[in-house]
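Peer 1: Structure of the sequence below:
(one chain, ligands or ions: 2)
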Amino acid sequence: MADIQVKIINRSDNPLPSYATADAAGMDLRAHLAAPLTLQPLERTLVPTGLFMELPSGFEAQVRPRSGLAIKQGLTLLNTPGTIDADYRGEIKIILINLSNEPQTIQHGDRIAQMVIAPFVQATLAEVLELTDTERGTGGFGHTGKS
Ligand SMILES: O=c1ccn([C@H]2C[C@H](O)[C@@H](COP(=O)(O)OP(=O)(O)OP(=O)(O)O)O2)c(=O)[nH]1
Ligand SMILES: [Mg+2]
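Peer 2: Ligands and ions are numbered 1, 2, ... in the order given. Model (predicted):
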């Protein structure tokens, strides 16, 4: 795909997001903070990243938690995967929540989430009175059992 156009606030202090390893699926996003931010247990907040993007039509960005933060600090994204629309021109922000039972602090520049770029289709819907039969039918929510 073509390069994605991005704008970054305070570029000298805020590196371009990047993939941490050769085949990483997501590029890490950093907190863009004037001061450290402490989240109390179960507190949620909107964390700025300083990043603005212009995704090509037909692509979305998904913002997802980082597993290290989740297991070590109980920090995750409340709306994971967050959806960044191709027509969004605002700042990408991360809805962080502290699911641990202690206060958790993040600093400016901490990598707080990762962003996966993915293609999608916009479907059209055709309304009908009956759907076709299948072996599963209306069974769901564990109806095939555990093992
Ligand atoms: O974690 C997120 C989720 C969304 N957004 C931005 C980009 C996205 O394109 C826009 C709207 O997101 P979404 O559609 O999930 O929110 P909504 O509650 O449906 O708001 P809207 O009515 O603006 O679509 O907000 C973020 O910056 N971070
Ligand atoms: Mg929406």
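
Peer 1: For the protein, which strand extends over the most residues?
Peer 2: strand 44-54 (DSSP state E).

Peer 1: Name the next helix or strand following it along the chain.
Peer 2: strand 59-64 (DSSP states H and E).

Peer 1: Direction-wise, compare that next one with strand 44-54 and give the angle.
Peer 2: Interaxial angle of strand 59-64 relative to strand 44-54 (axes from the mean of the first three to the mean of the last three C-alpha atoms, to 10 degrees): 150 degrees.

Peer 1: what's the neighbour count on the spatially closest residue to residue 99 that is not a sequence neighbour?
Peer 2: Closest residue in space to residue 99, ignoring its immediate chain neighbours: residue 74 at 4.4 Å, by C-beta to C-beta, 6 or more residues apart in numbering. All C-beta spots, glycine's among them, are computed from the backbone N, C-alpha and C. Number of residues near residue 74 (other C-beta atoms under 10 Å) recorded here: 17.

Peer 1: Name all residues that make contact with residue 74.
Peer 2: Counting by C-beta atoms under 8 Å, 6 or more residues apart in numbering, residue 74 makes contact with 98, 99, 100, 101, 102, 104.

Peer 1: how far away is it from residue 39?
Peer 2: Distance from residue 74 to residue 39, counting by C-beta to C-beta, to the nearest Å: 9 Å.

Peer 1: Find residues that contact each of these two.
Peer 2: Listed as contacting both residue 74 and residue 39 by C-beta under 8 Å, 6+ apart are 98, 104.

Peer 1: How are the strands of this protein distributed by residue range?
Peer 2: 5-8, 18-19, 27-30, 37-39, 44-54, 59-64, 75-77, 82-84, 91-98, 104-106, 111-119.
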